[in-house]
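Trainee: Could you look at this predicted model? Sequence included:
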Amino acid sequence: MNENYKLMKEIPREKIIVYDCETTGLNSDTDEIVQLTIADGNGNILFNELIKPSYKKKWDSAERIHHISPDMVKDKKTFRHYKNQIKEIFDNAELIVAYNNSFDNGFIYECSKHDINPYDKQNFDVMIEFAKIYGDWNEYHQSYKWQKLITCARYYDYEIENAHDSLYDVKATLHCFYKVLDDILAGKQHQHPCECF
């Protein structure tokens, strides 16, 4: 058993943050955050705002997924306005949880102009860990297939009220985080097929 997971279980819940970003696209170098939600490990919402991009004026493809239009954020504040508040939340955390950490961490890092660095903290990627529990092996990529958050949530009997709204995605991710961590500690992760002789 990986001692690291046991130690995560002992972290005070107020020192855990779970977060999710909705963005103008998939490239953290050129796209921007349009919605950000952060909760602590108890489910208390620490931050939940629509955010006006500083540069992007339209994001048709992303809008079709999360339904956040330029008109909805045109009168909102930019990330820069909230940066110190967000930085304080991240600085106080001992564990950062997300569903696909590399995606969200990249956006926080770039939108903060590298002032907020989630990579400096211990991270738990629910998506990566759940893939090993779900056990859908991809022979071509030689790894377990990543599953959507809605699949993970339903696996753990949680219905997302409004997928691709960061508030509801954070609530689902928090629920799944504890379930996945418990399953890991119970030894329910699949072994790599090559290790099953």
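Mentor: That came in fine, so what should we check first?
Trainee: Residue 110: neighbour count?
Mentor: The tally of other residues near residue 110 (other Cβ atoms under 10 Å) stands at 18. Where C-beta positions appear, they are placed from N, C-alpha and C, glycine not excepted.
Trainee: Give me the phi and psi for the residue nearest to it when sequence neighbours are not counted.
Mentor: Leaving out its chain neighbours, the residue that sits closest to residue 110 by Cβ to Cβ, 6 or more residues apart in numbering is residue 28, at 4.6 Å. Here is the backbone geometry of residue 28 (degrees, to the nearest 10): phi -70, psi -20.
Trainee: Am I right that residue 28 is in contact with residue 106?
Mentor: Yes. Look at residue 28 against residue 106 with Cβ atoms under 8 Å: they come within range, at 3.6 Å.
Trainee: For stretch 45-64, buried residues please.
Mentor: 46-47, 49-53, 56, 59, 62-63 (16 or more other Cβ atoms under 10 Å).
Trainee: The nearest residue to residue 185 once chain neighbours are set aside - how many residues pack around it?
Mentor: Spatial nearest neighbour of residue 185, excluding adjacent residues (Cβ to Cβ, 6+ apart): residue 5 at 5.8 Å. Using other Cβ under 10 Å, residue 5 is surrounded by 15 other residues.
Trainee: Can you give me the separation between residue 5 and residue 182?
Mentor: Using Cβ to Cβ, to the nearest Å, one obtains 10 Å as the distance from residue 5 to residue 182.
Trainee: Same question for residue 139.
Mentor: 29 Å.
Trainee: Looking at these two, which has the bigger crowd around it?
Mentor: residue 182 (13 against 7).
Trainee: Sheet partners, orientation included, of the helix or strand of the chain with the lowest mean pLDDT?
Mentor: Least confident helix or strand, the chain: strand 137-138 with a mean of 90, by mean pLDDT, DSSP states H and E. Paired strands of strand 137-138, with direction, are strand 143-144 (antiparallel) (DSSP bridges).
Trainee: Kindly check the end-to-end length of stretch 122-136 for me.
Mentor: Stretch 122-136 stretches 26 Å from its first residue to its last (Cα to Cα, to the nearest Å).
Trainee: in that stretch, what counts as buried?
Mentor: Within stretch 122-136, the residues scored as buried using 16+ other Cβ under 10 Å are 123-134.
Trainee: which one among the residues you listed gets closest to residue 13?
Mentor: Within the buried residues of stretch 122-136, the smallest distance to residue 13 is 13.2 Å, found for residue 124 (Cβ to Cβ).
Trainee: and the residue nearest to residue 185, how far is that from residue 181?
Mentor: 6 Å.
Trainee: Contacts only, for residue 27.
Mentor: By Cβ atoms under 8 Å, 6 or more residues apart in numbering, no residues touch residue 27.
Trainee: ok, and it, which helix or strand is that part of?
Mentor: Counting by DSSP states H and E, there is no helix or strand that carries residue 27.
Trainee: what do you get for residue 36?
Mentor: Judged by DSSP H and E, residue 36 forms part of strand 33-40.
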